[in-house]
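Student: what would the 3D arrangement of this be:
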Amino acid sequence: MKRVVALLLCMSVIASGCATAGRARMSMSTGFQASPPLLPDRELLTAYLKQLPPGSKVRASLTDGSTLRGTLMKATDEGIVIQPRTRIPELPRDVAMDRIRAVELENGGTGVGKAVAIGVAVGVGTFFGVLMLLAAVYGD
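Tutor: The predicted structure follows:
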């Protein structure tokens, strides 16, 4: 009985995998042609971009499928100017409004509080896992 419980506990730890910062990206090809992406209303997109404060961290999805991450420097009726975030400094890029599919604000990623909470959760889970393993081994 001890071996069965210990084996089940070990298998549950192994099968659970580990948490990662990003999600795995899988693409499934169905053989069908994809419909062209829907473009947002230009006036609505322009109004949204104009209300964003300069200096905001943004990710712009373009109609050609590429994305541009950087700092928003200026938004006008004709387009936006983004300073790309790269290791080697680049010149700001002017992107026409017709080429923009979507623009999202990027938050800073994982904050200190979230990192502490994840660490505490992992520690508690590990403690109880080891405790159950010891109980299974030395239970009788």
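Student: pull the CA atoms of the longest strand along the chain into PDB?
Tutor: For the chain, the longest strand by residue count, based on DSSP state E, is strand 67-75. These are the backbone C-alpha positions of strand 67-75, laid out as PDB (Å, rounded to 0.1, in the frame of the first residue of the first chain):
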ATOM      1  CA  THR A  67       4.000  43.300 -34.100                       C
ATOM      2  CA  LEU A  68       5.900  46.400 -32.900                       C
ATOM      3  CA  ARG A  69       6.600  46.900 -29.200                       C
ATOM      4  CA  GLY A  70       7.800  50.100 -27.900                       C
ATOM      5  CA  THR A  71       7.000  53.500 -26.300                       C
ATOM      6  CA  LEU A  72       4.300  55.600 -27.900                       C
ATOM      7  CA  MET A  73       5.700  59.000 -28.700                       C
ATOM      8  CA  LYS A  74       3.000  60.700 -30.700                       C
ATOM      9  CA  ALA A  75      -0.500  59.800 -32.100                       C
END
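Student: report the angle between the helix or strand following that strand and strand 67-75.
Tutor: Elements were assigned by DSSP states H and E; along the chain past strand 67-75, the next helix or strand is strand 79-84. Relative orientation of strand 79-84 versus strand 67-75 (axes from the mean of the first three to the mean of the last three Cα atoms, to 10 degrees): 120 degrees.
Student: partner strands of strand 79-84, parallel or antiparallel?
Tutor: Sheet pairing for strand 79-84, assigned by DSSP bridges, gives strand 67-75 (antiparallel), strand 93-96 (antiparallel).
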